[in-house]
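Asker: Any chance you can model this:
(one chain, ligands or ions: 1)
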Amino acid sequence: MRILITGGTGLIGRRLCKTLLAEGHEPTVFSRNPASVPVKCGAGVQALASLDGWHPALGFDAVINLAGEPIVDRRWTAQRKQELWDSRVTLTEDLVRRIAAAERKPPVLLSGSAVGYYGNGGDLMLDEAAGAGTGFAAELCVAWENAARAAEKLGVRVCLLRTAPVLSRDGGILARMLLPFKLGLGAKLGNGKQWMSWVHIEDHIAMQLRLLRDDQMHGPYNLAAPNPVTNAEFTKTLAAALHRPAPFTAPAALLKFAMGESADMLLEGQRMLPRKMEAAHFRFAFPALAEALRDLV
Ligand SMILES: NC(=O)c1ccc[n+]([C@@H]2O[C@H](COP(=O)([O-])OP(=O)(O)OC[C@H]3O[C@@H](n4cnc5c(N)ncnc54)[C@H](OP(=O)(O)O)[C@@H]3O)[C@@H](O)[C@H]2O)c1
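Answerer: From the prediction side, this is the model:
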């Protein structure tokens, strides 16, 4: 398949490209830094410097939309919120306009979303039928999903990737946590009772491939392992995998002072369940956190 990927140079995209190349597909990555594409994504990956380069005669068999400015690494000032919005919602609207203009439309679009769609879920078990939550992250995900769903009217099969924090050696949440945990400075966040969904990167990629191939699948998918844990349990399990203590607590007030509104992403949680993937008999390589972390650290 000829596959266009936005955000293909990111944590998920790089791994996805390698898997697609190994399976004989032809990925093209849209990147603001096209020279970095073969280096980050693999020598056989084509680069597209602008979506303008997607001229109407250039046909793709699928589009995977993963672009987005990093969401947890800075305070959410008004300007930062706009950047987060533009790099997801505005970019997706633009992408769908290109799909509408394409002579040969891609039959399938996989488009990003996140566990933040559900807002603060408390202890509720959240499957794909649960409603959207409130707050900036939820509003962003709703608008991002709606922008992608506009492609359905063009006859494109749209799958929405409601992604849990992705566990990988190469970046993301785990890479950020490793140093303090290795130094024995691991800490639960706030009271540690908030639920944390998570997914091993290998399972995330396998779920995307399944969504690409299976033309019965459409709509939102919770891309998470079937066993979410509380933040306290995550802290304990990671510390155990590293054979280190994690005796500390990062107080909620301190996180809010340091991070402002974006601290909600750490202090609130979602107990998200991959019901539709399970109903499709997807087999997780890493359903339990201890095994996933043993594999990765
Ligand atoms: N990783 C996770 O735990 C996780 C969890 C939930 C949801 N997600 C979502 O899944 C998607 C992929 O995640 P990831 O971890 O692979 O992200 P990532 O490593 O931060 O990479 C995102 C990519 O998006 C592109 N990008 C960033 N800002 C952009 C902008 N202003 N305009 C156009 N492109 C821009 C960048 O590509 P270039 O620099 O090459 O242009 C970057 O490589 C993201 O949208 C993220 O929100 C990820």
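Asker: C-alpha from now on. contacts and neighbour counts both.
Answerer: Noted.
Asker: Would you mind naming what in the protein lies close to the ligand?
Answerer: Within the chain, the positions near the ligand by CA under 6 Å from any ligand atom are 7-13, 31-33, 66-70, 87, 112-114, 163-166, 172.
Asker: in this protein, what spans have low per-residue confidence?
Answerer: Within the chain, the stretches falling below the threshold (pLDDT under 70) are 56-57.
Asker: Buried ones among the residues of the chain next to the ligand?
Answerer: In terms of neighbour count (16 or more other CA atoms under 10 Å), the buried residues within those are 7-13, 31, 66-68, 87, 112-114, 163-166, 172.
Asker: Tell me which residues touch the closest residue to residue 1 other than its chain neighbours, please.
Answerer: If you skip the residues right next to it in sequence, residue 1 has residue 25 as its closest partner in space, 4.9 Å away by CA to CA, 6 or more residues apart in numbering. With contacts defined as CA atoms under 8 Å, 6 or more residues apart in numbering, residue 25 is in contact with 1-3.
Asker: Mind putting those into CSV with secondary structure and neighbour count?
Answerer: Putting the contacts of residue 25 into CSV (DSSP: H, G, I helix; E, B strand; the rest coil; neighbours: other CA atoms under 10 Å) gives the following:
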residue, secondary structure, neighbour count
1, coil, 13
2, strand, 17
3, strand, 21
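Asker: Name the nearest of the residues you listed relative to the ligand.
Answerer: Comparing those against the ligand with CA to the nearest ligand atom picks out residue 3 as the nearest, at 15.9 Å.
Asker: If I follow the layout properly, the closest one ends up in contact with residue 61?
Answerer: Yes. Counting by CA atoms under 8 Å, residue 61 is a contact partner of residue 3 at 5.8 Å.
Asker: Can you tell me the centre-most residue of this protein?
Answerer: Nearest to the mean C-alpha position of the chain, by CA atoms, centre = their mean, lies residue 163 at 4.1 Å.
Asker: check contacts around that one.
Answerer: Residues near residue 163 by CA under 8 Å, 6+ apart: 112-115, 222-224.
Asker: Chain neighbours aside, what residue packs nearest to residue 292?
Answerer: Once flanking residues are discounted, residue 292 sits nearest to residue 286: 5.4 Å by CA to CA, 6+ apart.
Asker: Distance of the one you found relative to residue 274?
Answerer: With distances defined as CA to CA, to the nearest Å, the gap from residue 286 to residue 274 amounts to 13 Å.
Asker: Residues that sit against both of those two, list them.
Answerer: Overlap of the contact sets of residue 286 and residue 274 (by CA under 8 Å, 6+ apart) consists of residue 225.
Asker: contacting residues for residue 89?
Answerer: For residue 89, the contacting residues are 140, 143-144, 147, by CA under 8 Å, 6+ apart.
Asker: where along the stretch 101-250 of the chain do the strands fall?
Answerer: 108-114, 125-126, 157-163, 166-167, 187-189, 195-196, 199-200, 219-223, 229-230, 248-250 (DSSP state E, counting those that start in this stretch).
Asker: hey, what's the residue nearest to the centre of the chain bridged with?
Answerer: Here residue 163 sits in beta bridges with residue 114, residue 223, as judged by DSSP bridges.
Asker: contact partners of stretch 176-186?
Answerer: With CA under 8 Å, 6+ apart as the contact definition, stretch 176-186 has outside contacts at 187, 235, 238-239, 242, 244-248.
Asker: now these: which count as buried?
Answerer: Of the members of those, the ones counted as buried by neighbours, 16+ other CA under 10 Å, are 187, 235, 238-239, 242, 244-246.
Asker: Among those residues, give me the pair with the biggest separation.
Answerer: 187 and 242 (13.6 Å; CA to CA).
Asker: re the thing from before, export the buried ones among the contacts of stretch 176-186 as TSV, with columns for distance to residue 74.
Answerer: Converted to TSV, the buried ones among the contacts of stretch 176-186 look like this (distance: CA to CA, whole Å):
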residue	distance to residue 74
187	20
235	23
238	24
239	26
242	28
244	28
245	28
246	25
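Asker: Just the ones in helices from these, please.
Answerer: Secondary structure assignment by DSSP state H places 235, 238-239 of the buried ones among the contacts of stretch 176-186 in helices.
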